[in-house]
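# below is the sequence, then the predicted model.
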Amino acid sequence: MRRRFALLAAVVLSFGGGALLASCGDDGGSDGASVVLSAAGERGKVVAQAQGCISCHTVDGAKSTGPTWKDLAGSERMLEGGETVVADDAYLRTAIVAPRGQVLEGYPNIMPVYDGEVSEAELADLIAYLRDLSSLTAAASPGGTGAPAGG
Ligand code: HEC
């Protein structure tokens, strides 16, 4: 089992490098890694590594077992059944602590339930990290929960 994990890690690492070369098609932007993180975002990144989130999620736009975190926050997501929602803080929170009832279209319902696994502070840091990784939330007011009630 342990050897298998090491092999998987090696495959993931080498694939990651190859994917960078292979997948930057049209607009030649290959600097997906150079995101400036807030202090909370830096902490969220550490939590994501410690909790193993990044074994299923990438931050560079590449699809993995789960969707990439790049430009996720603030974007429109289509859920299983066809409902479309905006990935605001409340959506992201539910996606992490209660993912069973909110499944992204086209993905298996295998996201682990992190309710009780991450503290409130860690959850807030994870959400800050997701926001930092998205260009769609860059202009949002810091500190405000301010999502206007949408219809
Ligand atoms: C075993 C693989 C796996 C792990 C580990 C995992 N996820 Fe996921 N995650 C998924 C899959 C698959 C989906 C899409 C299905 C769904 O919506 O539940 C998803 C969906 C999400 C979404 C919603 C994405 C969207 O595009 O709307 C967020 C946010 C998220 N995960 C965050 C996390 C965080 C934070 C962690 C670690 C604390 C984590 N995930 C760990 C597999 C995983």
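Perfect, thanks for sending it.

# ok, now which ones touch V36?
V36 is in contact with D132, counting by CB atoms under 8 Å, 6 or more residues apart in numbering. Using the backbone N, CA and C atoms, a C-beta is placed for each residue, glycine as well.

# same deal with V97?
Counting by CB under 8 Å, 6+ apart, V97 has contacts V113, Y114, D115, V118, L123.

# spell out which parts of the protein neighbour the ligand.
48, 51-53, 55-57, 65-67, 72, 77, 87, 92, 95-96, 99, 103-104, 107-112, 114, 126 (CB under 6 Å from any ligand atom).

# if we use 8 Å, what do you get?
47-48, 51-57, 65-67, 69, 72, 75, 77, 79-80, 87, 91-92, 95-96, 99-100, 102-104, 107-112, 114, 117-118, 126, 130 (CB under 8 Å from any ligand atom).

# what about those residues, which are in strands?
With strands taken from DSSP state E, the overlap with the residues of the chain next to the ligand comprises R77.

# what subset of the residues of the chain next to the ligand is buried?
Among those, the ones that count as buried by 16 or more other CB atoms under 10 Å are 47-48, 51, 53-54, 57, 66-67, 69, 72, 77, 87, 91-92, 95-96, 99, 102-104, 111, 114, 118, 126, 130.

# what about this structure, any weak spots by pLDDT?
1-33, 138-151 (pLDDT under 70).

# helices of that one, residue ranges please.
Secondary structure of the chain (DSSP state H): helices at 2-23, 39-50, 89-97, 120-132.

# what's the separation between D89 and T137?
9 Å (CB to CB, to the nearest Å).

# tell me, what's touching these two both at once?
R131.

# residues contacting A48?
Counted by CB under 8 Å, 6+ apart, A48 has contacts I54, H57, L126, Y129.

# one more time with 10 Å, if that's ok
The contact partners of A48, by CB atoms under 10 Å, 6 or more residues apart in numbering, come to I54, S55, H57, V59, W69, V118, E122, D125, L126, Y129, L130.

# hmm, the second one is touching M111, no?
No - proximity of S55 to M111 does not meet the contact threshold set by CB atoms under 10 Å, at 11.8 Å.
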